[in-house]
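# Sequence and computational prediction follow.
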Amino acid sequence: MTTLQMYMTVALCVLGTQLTRWLPFLLFSGRRTPPLVEYLGKALPGAVFTLLIVYCLRHTDVLGGSHGLPELIAMAAVVGLHLWKRKLLLSVAGGTILYMALVQLVF
Amino acid sequence: MSRRLPLYKTSRVLYDRVTHEREVSAMDAHKLRRALRAAFPHTIPIMVSFLFLGMTYGLYARASGLGWQWATAMSALVFGGSLEFVAVSMLMAPFAPLQTFLLAFVIQARHLFYGLSLLDRYRGLGAKKPYMIWTLCDETFSINVSTDPPEGVDRGWFMFFISLLDQLYWITGATLGGLLGSMLPFDTAGLDFIMTAMFTVFLTEQLLKEKRHGPALIGAGAAVGCLVLLGADSFMIPAMAAITALLVLFRGPIERGLEE
């Protein structure tokens, strides 16, 4: 790949990415948002977090390897910590440290 | 509009305008500081996660043979973790423009959701808005869609600083990773779980806040279903399509649940 082609590759990544960021605002910002779109705007965030968690864990092998046990244990710890203290940083740090210990030392 | 005024009145108007503007700019500076101070604590977990993941990315780009400038530039211009990793391997492969563009759009398509959810909250933000759209990412979205600043803090500037800080963390991490090469003193295996942990916390908060969990269940069901059927590399777009379809299908009950 020539240097020019490398620049173009980055530019295409930028273009593809920025389209996904700008389209909703370009299509619906000017006029009144249609009620269906407005409803989706309210309902989607509730579905997005579960989708993102699945996305984060998409390479977890439930059938082989460690069967997703480190992930399951660490996530339970995150939820537990959060229900207990309700401090974002504590829950995230606690769960991540536990997970790192699990994959480096136990599994 | 241009009614002629006697000279003393004109100078009075000018004087008022100048002092007024000076007061306004002092107020603005104060407003900005307050917004930045209110925004920063919300970004601390993201700072940790972005600095480390950004460094991982910089190291990876460097190890693949790219200069650190590439990691920095992509972090500033693309600003999307998964795609930036993929982009490194695309830069090392033969030039394939169409595939590059489509892959970028597909990997980042979840931003379409974020934009829809933020239409109202990002309305009327003036010159801040283009930058905030340019840098929209998972983490910035999850804060800006769910968090209101404390009383007396300007909401637009609060959300702007969330966007700015998050991007600065990522650029800093990527640049450091690119510069440091492979000198990290500890084993970082498993550190990427920080993302999962964060989204788990956001989900927990959301489940505690809402009375009915229709959208969360639809998200989980569609995502897991498509993942099992289609595999890790191609489930995201179908999952998003399925979620949208199910939300439209069950609009009645879900809308009633949202209003409660």
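Ah, there it is.

# any idea where the helices of the stretch 101-250 of chain B begin and end?
In the stretch 101-250 of chain B, helices defined by DSSP state H, counting those that start in this stretch lie at B:110-118, B:128-134, B:138-144, B:155-180, B:193-209, B:214-230, B:236-249, listed in chain order.

# so where's chain A uncertain?
A:30-31 (pLDDT under 70).

# Mind giving me the packing neighbours of the lengthiest helix in chain A?
Ranked by residue count and defined by DSSP state H, the top helix of chain A is helix A:3-28. The contact analysis (3 or more C-beta pairs under 8 Å, 6 or more residues apart in numbering or on different chains; DSSP states H and E) places helix A:3-28 against helix B:68-77, helix B:81-91, helix B:97-108, helix B:110-118, helix B:128-134. C-beta here means a position set from N, CA and C on the backbone, and glycine is covered the same way.

# which strands and helices sit next to the first one?
Contact partners of helix B:68-77 among helices and strands, from 3+ C-beta pairs under 8 Å, 6+ apart: helix A:3-28, helix B:7-63, helix B:81-91, helix B:155-180.

# Going by neighbour count, list what's buried in it.
For helix B:68-77, the buried set under the neighbour-count rule, 16 or more other C-beta atoms under 10 Å in any protein chain shown, comprises B:Trp68, B:Trp70, B:Ala71, B:Thr72, B:Ala73, B:Met74, B:Ser75, B:Ala76, B:Leu77.

# which residues touch the second one?
By that I understand B:Trp70. Listed by C-beta atoms under 8 Å, 6 or more residues apart in numbering or on different chains, the contact set of B:Trp70 reads A:Val10, B:Ala61, B:Val88, B:Leu91, B:Gly178.

# Quick one: the helices in chain A, in order.
A:3-28, A:35-56, A:69-85, A:88-101.

# With mean neighbour count as added columns, please give those helices in TSV.
Formatted as TSV, the helices of chain A follow (neighbours: other C-beta atoms under 10 Å in any protein chain shown):
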stretch	mean neighbour count
helix A:3-28	18
helix A:35-56	21
helix A:69-85	18
helix A:88-101	21
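
# List the residues that contact the residue most central in space within chain A.
In chain A, the residue lying closest to the centroid (C-alpha atoms, centre = their mean) is A:Leu52, at 3.7 Å. A:Leu52 makes contact with B:Arg110, B:Asp138, B:Phe199 under the criterion C-beta under 8 Å, 6+ apart.
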